[in-house]
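Visitor: Whatever this is, show me its structure:
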Amino acid sequence: MYDQILVPTDGSPAADAAIDHAIDLAKQYDARIHALYVVDGSAYSTLEAGSEIVVGALESEGEEATDRVAETAADAGVEAVTSVVNGTAYRTISEYVDDNAIDLIVMGTHGRQGLDRYLLGSVTERVVRTADVPVLTVRENDE
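Guide: Below you'll find the predicted structure:
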């Protein structure tokens, strides 16, 4: 049913909550995990100086986050590939799905409501609304 499972991550606890679910599904279906971190440098483009430093730091953070997913998958006997890409998160996730024949997206959600959700937006919500493949959302554990 699933051969390629995408786990978008930002290194947050909400994203981490989705990893175990994705790996469990990958084991059940003998699927490959794709760990994707999207660096959205547009938010820092207005900085007069230092935007390259910020983007570089985000790329390093992305490498660490995707490496953690790959290591966790390897420990469970699941094949994983990692990718750190620059772009707008929900659009880049959609493009990655198309380019890599992804069958399922497993991603965390912070569970924000009301004004927080309105002001911060929701990458997960946009992915759910626009994805051409099933999306499993996993809510961050509040413990």
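Visitor: Show me where the chain has its strands.
Guide: All strands of the chain, identified by DSSP state E, fall at 4-8, 32-39, 80-86, 104-109, 135-139.
Visitor: Would you mind getting the angle between the longest one and strand 80-86?
Guide: For the pair strand 32-39 and strand 80-86, the angle between their directions (axes from the mean of the first three to the mean of the last three Cα atoms, to 10 degrees) equals 20 degrees.
Visitor: per-residue confidence averaged over strand 32-39?
Guide: Across strand 32-39, the average pLDDT comes to 96.
Visitor: what stretches of this protein score poorly on pLDDT?
Guide: 42-51, 110-121, 141-143 (pLDDT under 70).
Visitor: Just give me the longest helix of it.
Guide: Looking across the chain with DSSP state H, the single longest helix is helix 51-75.
Visitor: Same question for that helix: list its buried residues.
Guide: Neighbour-count burial for helix 51-75, counted by 16 or more other Cβ atoms under 10 Å, picks out 55, 58-59, 62, 65-66, 68-70, 72-73. In this view, the C-beta of every residue, glycine as well, is placed from N, C-alpha and C.
Visitor: Same list (the residues you listed) but as CSV, adding distance to residue 6.
Guide: As requested, these are exported to CSV (distance: Cβ to Cβ, whole Å):
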residue, distance to residue 6
55, 23
58, 20
59, 19
62, 15
65, 14
66, 12
68, 16
69, 11
70, 13
72, 15
73, 13
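Visitor: Sort out which one of those residues lies nearest residue 7 for me.
Guide: Within the buried residues of helix 51-75, distances to residue 7 taken as Cβ to Cβ reach their minimum at residue 69, with 5.9 Å.
Visitor: From residue 68, how far out is the spatially closest residue to that closest one that is not a sequence neighbour?
Guide: Using Cβ to Cβ, 6 or more residues apart in numbering and skipping the chain neighbours, the partner closest in space to residue 69 is residue 35 (3.6 Å). Shown here: residue 35 relative to residue 68, a distance of 8 Å by Cβ to Cβ, to the nearest Å.
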